[in-house]
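Participant: what would the 3D arrangement of this be:
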Amino acid sequence: MYKTKALLLATLVSILPAIVAGAIVGLFFIKSFWYWTAGIASPALFFICLDRVPVRLFAGAMRGLPLWPLLKYGFVCTDKRSSNYNSDEEWRYWFLYNSDHHKR
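Facilitator: As a prediction, this is how the structure comes out:
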């Protein structure tokens, strides 16, 4: 039961900011409110999940953190965040400095 509550909390706390961000933008465009809400909330939720916020919220809830420390841990902490490797960025340097794409 404790895992179910932690999973529900991690899901709701991850989805709610995305929807609120979309709704704030949608308030400026009342006639197309739901289009803006869905259009902003979808990529916002994608980046929230990409940053592994639900994983940190679940882990913090399983540790029994109170609400405010749980929110700080979930949205600010760098635990469980994916790390960049140098090999991931090498193609950028190769493209910028070692190719002839700019010489036309």
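
Participant: drop to CA atoms for contacts and neighbour counts, all remaining ones
Facilitator: Will do.

Participant: so for stretch 14-24, what gets flagged as buried?
Facilitator: Residues of stretch 14-24 classed as buried: 14, 15, 18, 19, 21, 22, 23 (neighbour count, 16 or more other Cα atoms under 10 Å).

Participant: quickly find the element holding the third one.
Facilitator: By that I understand residue 18. Following DSSP states H and E, one finds residue 18 within helix 2-26.

Participant: and the pLDDT for residue 83?
Facilitator: pLDDT recorded at residue 83 is 59.

Participant: now residue 100
Facilitator: We have a pLDDT of 55 for residue 100.

Participant: ok, now the one 4 residues further on?
Facilitator: Among the per-residue scores, residue 104 holds a pLDDT of 49.

Participant: again, but for residue 74
Facilitator: Reading off the model, residue 74 has pLDDT 89.

Participant: buried stuff in the host helix or strand of it?
Facilitator: Using DSSP H and E, residue 74 maps to helix 67-76. Using 16+ other Cα under 10 Å as the test for burial, helix 67-76 gives 70, 71, 73, 74, 75.

Participant: residue contacts, residue 80?
Facilitator: 52, 55, 56 (Cα atoms under 8 Å, 6 or more residues apart in numbering).

Participant: 10 Å instead?
Facilitator: 51, 52, 53, 55, 56, 59 (Cα atoms under 10 Å, 6 or more residues apart in numbering).

Participant: gap between the residue most central in space within the chain and residue 21?
Facilitator: Central residue of the chain (Cα atoms, centre = their mean): residue 48, 1.2 Å from the mean position. Distance from residue 48 to residue 21, counting by Cα to Cα, to the nearest Å: 12 Å.

Participant: same question for residue 71.
Facilitator: Separation of residue 71 from residue 21 (Cα to Cα): 17 Å.

Participant: now do residue 79
Facilitator: Residue 79 is 24 Å from residue 21, where distance means Cα to Cα.

Participant: please apply the same query to residue 29.
Facilitator: According to Cα to Cα, residue 29 stands 13 Å off from residue 21.
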